[in-house]
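Asker: Predicted model, plus sequence, below.
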2 protein chains.
Amino acid sequence: MVFDSVLKTIAEKNLIETGDKIVVAVSGGPDSVCLLHILHRLSNQMDISLFVAHLNHQIRGLEAHLDSLYVMKLCDSLNIPCFIKSIDVPKYCEDNKVGLEDGARMQRYKMFNEIKAKVGANKVAIGHNKNDQVETVLMRIMRGTGLQGLRGIEYKRNDGIIRPILDLNRKDIEKYCVEHELYPRIDKTNLESIYSRNKIRLELIPYIQKEFNENFIDSAIRMVQNLRSDSDYILNEVDKEYSELARAYEDGVYLFVEKFNTLHNAIKSRLVIRGIRDLVGDVNGIEKKHIDEVLEMSKDDKLNKKINLPRGIFVYRKQGYILLSKSILEDSNIEYEYTIEPGKDVFISELGKTFKSEIVSLENFNSDELKKGLQFLDLGKIKSSIRLRNRRQGDKIRLSGGTKKIKELFIGLKIPRENRDKVPILVDGDSVVAVCDYRMSIDYKIEEKTEKVLMFTLE
Amino acid sequence: MVFDSVLKTIAEKNLIETGDKIVVAVSGGPDSVCLLHILHRLSNQMDISLFVAHLNHQIRGLEAHLDSLYVMKLCDSLNIPCFIKSIDVPKYCEDNKVGLEDGARMQRYKMFNEIKAKVGANKVAIGHNKNDQVETVLMRIMRGTGLQGLRGIEYKRNDGIIRPILDLNRKDIEKYCVEHELYPRIDKTNLESIYSRNKIRLELIPYIQKEFNENFIDSAIRMVQNLRSDSDYILNEVDKEYSELARAYEDGVYLFVEKFNTLHNAIKSRLVIRGIRDLVGDVNGIEKKHIDEVLEMSKDDKLNKKINLPRGIFVYRKQGYILLSKSILEDSNIEYEYTIEPGKDVFISELGKTFKSEIVSLENFNSDELKKGLQFLDLGKIKSSIRLRNRRQGDKIRLSGGTKKIKELFIGLKIPRENRDKVPILVDGDSVVAVCDYRMSIDYKIEEKTEKVLMFTLE
């Protein structure tokens, strides 16, 4: 029954595939011994290879040594390669000023990865069970968490960690060990109510079971399963929206506000978190209030505002987007200049727009069919290289009515002073080819002898 | 500061509007007295009318009486109309077999509504605070809940209940009462760790604060706020989808599967819940397994299948939709068959009933004590495996009067023709063991030499 239940978990969560090489973390306690025994039975049915990893943490002197001996003997009887590493964890924790529990965990995971690399394994199986799951979730609830934290321990992580016995409870595991005469070691530290997790296990959960709900473990697991489903749904939606409205460029992560502002706060705040993670790798040091500040920036009255977040993150609100960046943007006097390769898209981050161009032959060019906002020029008339930049002192353009200063053109077009520095100008060397969206120079006009036409637009 | 904080809550959550007539629930304890005092100050700024409702619950004799006197005096000094109702809550609870806590709450809300109707009020203000919020959420976590339950107490309900001091903590409230010399009554029952809520307040939360997180209340409130936002988002999406793919007609609620099947389980299960609520008013008696069964029905291979849920709900899978209905559709040929593992419950979805069985030794079996509807057989006489199914062509049963065709038995028992295909029949291989609720075969009768008895029933 226990075996079948684990097979079900493995199948449903897609934990193990044929050909997997799995490092099994074995402490010698009932959970990991049960896990190993089940995977060993499975290895007779499926083509998988097992390797055992055991850490002698030296926390309990002789006892820890006996644990190691037990694991060696067990592996011997099952004919599974066994790797044992001995580390003075108490010393390591003292030296690095971390708690025993955290230190032991860090060293354990470090060892798993070493052995995984050494034997060329692709997965690491860990013996967490249902009770561990509930303990973890309770711990998070008490320390403060959100929907993602309430998912609890994952069956499967991207880094190859799998937890095949997460649906078993401690009693079933102990029964399994008795039935299969495995005689696991009992971790004495577990019985001491020193560490927070042991306090939860030995004091809090029994108290809840006695006073409030004797089926608490199952109730809590049901809650976790439901919340996991809800969390999956939300993360799914966040993925969709992020790929639609966020872009990571060299200067940072752009969140385009038009779509962003139509979304629910639950999604918006997660999009910001995703953006920050894309920018600096994680969200350590970023608190809810920081996320809320970024959400505030999406409002229209925050245009051209800038805030600083921890981790050296600058947040800029520009026309059409929020930019999460690690660099300081010139605030006044925006200056930009991009080299344009005809036919290729260039994203103009200062504008949050993409300069798109296409080369067509004159035969295929029909100006009547062109959509609004599209401009075009005779590519043969370009003497130097094409660049897109904002205005420079003294820029002029040749129009049919004569040469005009760009500044005067802007005044004539009633472009607000604060926007004038942004208007993109297409130049050929120093000559102005076009004031994008407004005017074309007559020097680059299409004629009958034109061969190639460059059509361009800003989107 | 306390006053401003409450004003902020009122504004942000849109709790009170000009012209509101508000019944304020006042027990005489610090929470409700603080609430009343703040609303009274507000009534000087805003055009709102206040009425006080107080229940003398008679739980603590003289003390309860003194509470009532205190509330009367307080209302007098603030010049607010005061309604006091005296109910023997302990007696009511005994008569109606409900717990004191539940009974007092039911009576309180009943009174609020009476007074609300009497004075023509549109709202009822209740003095729940931050600590109550955390206690409620902890209680739900321990008893089992989902995302909606983790929202905790609502600031505002559709029925006019508002909770303006939900953002205050108990200490601030007590300080406010001291500063304004209100001398609230201290509810002695609060100090007794009898009721679950008091256990949470007086034992569990102090334990968590001491052992795990001294800022637990604030951490928990942050969690609730985040989960509330997530829950809002999901319910919002459910609303949208429901209005798109569900239709309530006279014969029931239709869920159109084409769109339904593209959605995430988190949304689908809530759509089913919404459908059931639209059909029968609430979801009492409906469990997760029932919802999961309806979700199963959305699959294409379930076409033309039918299941029964509790509350007299029939679920039909038709081409293009699932129909949740209270009426029986003319259906042809229901066929079902379940393998029975003695001692295990099996839910028979076609009947909406659970087949329950229990194995007892003959010594422990006393047929006189058996409740109605229970049948029993000699487990040792089972030759093959036990299954539960509806009738098949040619089924016969050996009764004391001789072998009888099941069809004839049904006619004799006056079972209506349209029900005959559903009557569950317990079989051992091909031999009929029992026609459930009606007849047992003499071949499986209990005798002196019987060792194990299987008792079974359909519930």
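Answerer: Great, that's in hand. Numbers count the residues shown, from 1 in each chain, chains lettered A, B, ... in the order given.
Asker: use CA for all of it now, contacts and neighbours both
Answerer: Fine.
Asker: can you tell me the residue of the stretch 1-150 of chain A closest to chain B?
Answerer: residue A:144 (4.6 Å; CA to the nearest CA).
Asker: by contact count, what packs against the helix ranked longest in chain A?
Answerer: Counting by DSSP state H, the longest helix found in chain A is helix A:216-245. When contacts are defined as 3 or more CA pairs under 8 Å, 6 or more residues apart in numbering or on different chains; DSSP states H and E, helix A:216-245 packs onto helix A:130-143, helix A:205-211, helix A:257-260, helix A:265-280, helix B:130-143, helix B:265-280.
Asker: Give the buried residues for it.
Answerer: Across helix A:216-245, burial judged by 16 or more other CA atoms under 10 Å in any protein chain shown covers A:216-235, A:238, A:241-242, A:245.
Asker: For the helix or strand hosting residue A:356, the averaged confidence score.
Answerer: Element membership for residue A:356, per DSSP states H and E: strand A:353-361. Computed over strand A:353-361, the mean pLDDT rounds to 87.
Asker: Contacts for stretch A:235-242, please.
Answerer: By CA atoms under 8 Å, 6 or more residues apart in numbering or on different chains, the residues outside stretch A:235-242 that reach it are A:267, A:270, A:271, A:274.
Asker: what's the closest of those residues to chain B?
Answerer: After measuring the contacts of stretch A:235-242 against chain B - CA to the nearest CA - the closest member comes out as residue A:267, at 8.1 Å.
Asker: For that closest one, the count of nearby residues, please.
Answerer: 21 (other CA atoms under 10 Å in any protein chain shown).
Asker: what angle separates the longest helix of chain A from helix A:265-280?
Answerer: Per axes from the mean of the first three to the mean of the last three CA atoms, to 10 degrees, the angle that helix A:216-245 makes with helix A:265-280 is 70 degrees.
Asker: just to revisit the earlier point, hmm, residue B:216 and the residue of the stretch 1-150 of chain A closest to chain B touching each other?
Answerer: Yes: using CA atoms under 8 Å, residue A:144 is in contact with residue B:216, at 7.4 Å.
Asker: Just list the residues touching the residue of the stretch 201-350 of chain A found nearest chain B, thanks.
Answerer: When scored by CA to the nearest CA, the stretch 201-350 of chain A has residue A:219 as its residue closest to chain B, at 4.6 Å. Listed by CA under 8 Å, 6+ apart, the contact set of residue A:219 reads B:142, B:143, B:144, B:145.
Asker: Could you dump those into a markdown table with distance to residue A:363, pLDDT and neighbour count added?
Answerer: Formatted as a markdown table, the contacts of residue A:219 follow (distance: CA to CA, whole Å; pLDDT from 0 to 100; neighbours: other CA atoms under 10 Å in any protein chain shown):
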| residue | distance to residue A:363 | pLDDT | neighbour count |
| --- | --- | --- | --- |
| B:142 | 75 | 95 | 23 |
| B:143 | 76 | 91 | 20 |
| B:144 | 72 | 90 | 20 |
| B:145 | 69 | 93 | 19 |
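Asker: Distance to residue B:382 added to the residues you listed, as CSV?
Answerer: Shown next, in CSV, are the contacts of residue A:219 (distance: CA to CA, whole Å):
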residue, distance to residue B:382
B:142, 43
B:143, 41
B:144, 40
B:145, 42
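Asker: List just the nearest of the residues you listed to chain A.
Answerer: Scanning the contacts of residue A:219 for proximity to chain A, where the rule is CA to the nearest CA, the winner is residue B:144, at 4.6 Å.
Asker: from what I can see the closest one touches residue A:215, true?
Answerer: No: if you go by CA under 8 Å, residue B:144 and residue A:215 don't touch, sitting 9.2 Å apart.
Asker: What values do phi and psi take at the residue lying closest to residue A:131 once chain neighbours are set aside?
Answerer: Spatial nearest neighbour of residue A:131, excluding adjacent residues (CA to CA, 6 or more residues apart in numbering or on different chains): residue A:169 at 5.9 Å. Residue A:169 adopts backbone torsions of phi -100, psi 170, taken as degrees, to the nearest 10.
Asker: lowest confidence element among the helices and strands of chain A?
Answerer: Ranked by mean pLDDT, DSSP states H and E, the weakest helix or strand in chain A is helix A:417-420, scoring a mean of 71.
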